[in-house]
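> Just to be clear, the model below is a prediction. Sequence and coordinates:
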Amino acid sequence: MPGEGRAPWRRRLWLSGVMLLAASIARGDEPPAPSARLVCPRRPGPGRIVCEAELELDRGVLVWADVLVLEAPQFAPPLRARVGPSALHMKSDQRQRLQLALAATAPGSGTLRVRARAVACPDATLRGCWSLVREAQARVEVGPITD
């Protein structure tokens, strides 16, 4: 039968993956707990708003991160729906801060919601890494401060 020669290869690959997963669980290699924070400064009138998304680990090494816009106010759409390493504003072993720009076209108040994705490793050897996802949101306000 066609494809029969590949079945044992696929089965061995699947079993290898299961064994590696079981070994990492047995060692207690749990992924780090990331925190994601999003901050957008208030703007007095229409213009560019530069928000900062910060992803931080409680342990390990943060190797890579990006931010995807899930929801933005109609009056302040994002200039890009995704920002990655090129938008990196600050980086340390356990923290990365990326900048995300919105184009405020009118006064208003709304919510910006993002999904931060990252790759984290237990140490600098970059072996046994995990992919991590965390969502964050911030209030976007454009217009004068009034009581």
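Done, it's in. Numbers count the residues shown, from 1 in each chain.
> Could I get the contacting residues of Val142?
42-46, 49, 75-76, 104, 106-109 (CB atoms under 8 Å, 6 or more residues apart in numbering). For every residue, glycine as well, the C-beta is placed using N, CA and C.
> What is the nearest of the residues you listed to Ala33?
Among those, Ile49 lies closest to Ala33 (CB to CB), at 29.2 Å.
> Please enumerate the helices of this protein.
Taking DSSP state H as the criterion, the chain contains helices spanning 7-27.
> returning to what we had before: is it possible to mark the buried ones in the contacts of Val142?
Burial by neighbour count, judged by 16 or more other CB atoms under 10 Å, picks out 43, 46, 49, 75-76, 104 from the contacts of Val142.
> Dump those residues to TSV, plus distance to Arg82 and pLDDT.
Below are the buried ones among the contacts of Val142 laid out as TSV (distance: CB to CB, whole Å; pLDDT from 0 to 100):
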residue	distance to Arg82	pLDDT
Arg43	22	95
Pro46	24	95
Ile49	17	97
Phe75	21	97
Ala76	17	97
Ala104	20	97
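> can you tell me which of those residues are in strands?
Among those, the residues falling in strands (DSSP state E) are 49, 104.
> quick one: which of the buried ones among the contacts of Val142 is nearest Gln94?
The closest of the buried ones among the contacts of Val142, once distances to Gln94 are taken by CB to CB, is Ile49, at 27.1 Å.
> Give me the spatial nearest neighbour of Pro41, chain neighbours excluded.
Ile49 (6.8 Å; CB to CB, 6 or more residues apart in numbering).
> Correction: the previous question concerned Ser35.
Spatial nearest neighbour of Ser35, excluding adjacent residues (CB to CB, 6+ apart): Glu56 at 5.1 Å.
> For Arg95, which non-adjacent residue is spatially closest?
Glu56 (4.4 Å).
> what's the pLDDT at the one you found?
pLDDT for Glu56: 94.
> Can you name the residues that contact it?
34-35, 37, 62, 94-95.
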